[in-house]
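Asker: How does the following fold in three dimensions:
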Amino acid sequence: MDAEDSGPTPRWHQHVRPSSADSHGGVTLIGFAVDEGVRRNAARPGAAEGPRALRAALASLPVLGEPALHDAGDVHCENGDLEAAQELLAEQVASALARKSLPLVLGGGHEMAWGTFQGVMRALPEHQRLLIVNLDAHFDLREAARGNSGTPFRQMHGWCTAHARPFNYRVFGISEYGNTQALFERAGAMGVRHWLDDDLQHADGLVAARQALAADLRDCDAVYLTVCLDVLPGGQAPGVSAPAALGVPMAAVQALLDEVLASGRLVAADIAELNPSLDRDGLTARVAARLAARMARGAARAGSKAWSDPARTLQP
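Answerer: Numbers count the residues shown, from 1 in each chain. Sure thing, here's the model as predicted:
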């Protein structure tokens, strides 16, 4: 606290309030203190401690245009029951949306995405054209007997197929060295559009990606944005299960994130795969905190067109 300084000096730890039934509007933080999906995926566990580290990094950030911030606490996984944890997350997300508050999920393994998606579908069934935007080095379209951190978007595809909904999935930052031929073929069969990490190293590639994203944003009812921290270069985000050898530069990640925020159609967001046990000097946690605060500020500036009649959200 800047007790001896003059002028407005509030920081996040002074601005955040516990979430309640009366916590309308603003942003609701939901911790997903789970890495059971990471364990099932034979990756490096530790992301269950991600929400704690991310809150610690957020605590001292200055408040500069953030909306009301509510904290709903953490979802935990008991006895390895990932599906129950994802259901609890879905309930928390749906509850925030019912209060017209943007759910911002702090993770935690990327298996969180299946829970967040279910919460959005439960709370906003009228939105027929949900755009799923994932900043990630991996498709996460794997097939497995049980859901894990590599399967959430395949699970979403299955849900959309069963409910006769379009599966509008866009991935930015895919690595050709982190995804098998089977995954590229599956993505193609599902109509998934993707941009390689190689494509986003330079200004021309980023401009093309932003233009394509802007067109998709104009044609959707609502957007679910998820950021896997392993999309960033390993030197900027070492505290993840699979650090990137190349990755997408932070400036490009922020530019894509800003494109989504400016649309005013964002209804849910999450930040996945923060693993404090693998972090260096808390760097990845600080990167995640910057992204979380940028989401909160950007959502506040843009407002939300997604709460209105879905048919009207297509108007510029």
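Asker: Ala285 belongs to a strand?
Answerer: No - secondary structure of Ala285, determined by DSSP: H, G, I helix; E, B strand; the rest coil: helix, with no strand assignment.
Asker: Tell me the spacing between it and Pro249.
Answerer: Using C-beta to C-beta, to the nearest Å, one obtains 19 Å as the distance from Ala285 to Pro249. In short, each C-beta sits where N, CA and C put it, glycine included.
Asker: The two - which one has more neighbours?
Answerer: Ala285 (24 against 17; other C-beta atoms under 10 Å).
Asker: That one against Ser277, yeah?
Answerer: No - with contact defined as C-beta atoms under 8 Å, Ala285 does not reach Ser277; the gap is 11.5 Å.
Asker: what sits in contact with each of the two?
Answerer: Gly239 (C-beta atoms under 8 Å, 6 or more residues apart in numbering).
Asker: And the helices in the stretch 151-300 of the chain?
Answerer: Shown for the stretch 151-300 of the chain, the helices assigned by DSSP state H, counting those that start in this stretch span residues 152-162, 181-189, 203-218, 250-262, 283-302.
Asker: Among those helices, show me which one is buried the most.
Answerer: helix 283-302 (a mean of 21; mean count of other C-beta atoms under 10 Å).
Asker: which strands and helices sit next to that one?
Answerer: strand 27-33, helix 50-59, strand 102-107, helix 250-262, strand 266-272 (3 or more C-beta pairs under 8 Å, 6 or more residues apart in numbering; DSSP states H and E).
Asker: pLDDT of the very next helix or strand once past the third one, averaged?
Answerer: Past strand 102-107, further along toward the C-terminus, the next helix or strand under DSSP states H and E is helix 112-123. Looking at helix 112-123 alone, the average pLDDT works out to 98.
Asker: The next helix or strand after helix 112-123 to helix 250-262, inter-axis angle?
Answerer: Following helix 112-123 in sequence order, the next helix or strand is strand 130-135 (DSSP H and E). In terms of direction (axes from the mean of the first three to the mean of the last three C-alpha atoms, to 10 degrees), strand 130-135 departs from helix 250-262 by 160 degrees.
Asker: pLDDT on strand 130-135, on average?
Answerer: Strand 130-135 shows a mean pLDDT of 98.
Asker: so what strands line up beside that strand?
Answerer: Neighbouring strands of strand 130-135 in its sheet, by DSSP bridges, are strand 168-174 (parallel), strand 222-228 (parallel).
Asker: before we move on, which element is Gln70 in?
Answerer: Check again: residue 70 is His, not Gln. Per DSSP H and E: strand 69-76 holds His70.
Asker: and that strand, which residues are buried?
Answerer: By 16 or more other C-beta atoms under 10 Å, the buried positions in strand 69-76 come out as 69-72, 74-75.
Asker: ok, and what's touching it?
Answerer: With C-beta under 8 Å, 6+ apart, strand 69-76 has contacts from 12, 15-20, 23, 26-34, 51, 55, 85, 88-89, 92, 95-96, 101, 115, 296.
Asker: now these: which count as buried?
Answerer: Buried among the contacts of strand 69-76 by 16+ other C-beta under 10 Å: 12, 16, 19, 23, 26-34, 51, 55, 85, 88-89, 92, 95-96, 101, 115, 296.
Asker: Tell me where the stretch 201-316 of the chain is predicted with low confidence.
Answerer: Filtered on pLDDT under 70, the stretch 201-316 of the chain yields the residue ranges 304-316.
Asker: how does it look with 80?
Answerer: 303-316 (pLDDT under 80).
Asker: Just give the closest residue to Gln201, not the sequence neighbours.
Answerer: In this structure, Gln201 finds its nearest non-sequential neighbour in Pro249, 7.1 Å apart by C-beta to C-beta, 6 or more residues apart in numbering.
Asker: who touches the closest residue to Gln254 other than its chain neighbours in this structure?
Answerer: Distance criterion C-beta to C-beta, 6+ apart; nearest residue to Gln254, sequence neighbours excluded, is Arg294 at 6.5 Å. For Arg294, the contacting residues are 254, 257-258, 261, by C-beta under 8 Å, 6+ apart.
Asker: Would you convert those residues into TSV that also reports distance to Gln211?
Answerer: As requested, the contacts of Arg294 are exported to TSV (distance: C-beta to C-beta, whole Å):
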residue	distance to Gln211
Gln254	17
Leu257	16
Asp258	14
Leu261	17
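Asker: which one of those residues sits closest to Arg154?
Answerer: Leu257 (24.1 Å; C-beta to C-beta).
Asker: and Arg265, how many residues sit next to it?
Answerer: Burial of Arg265 is recorded as 25 neighbouring residues (other C-beta under 10 Å).
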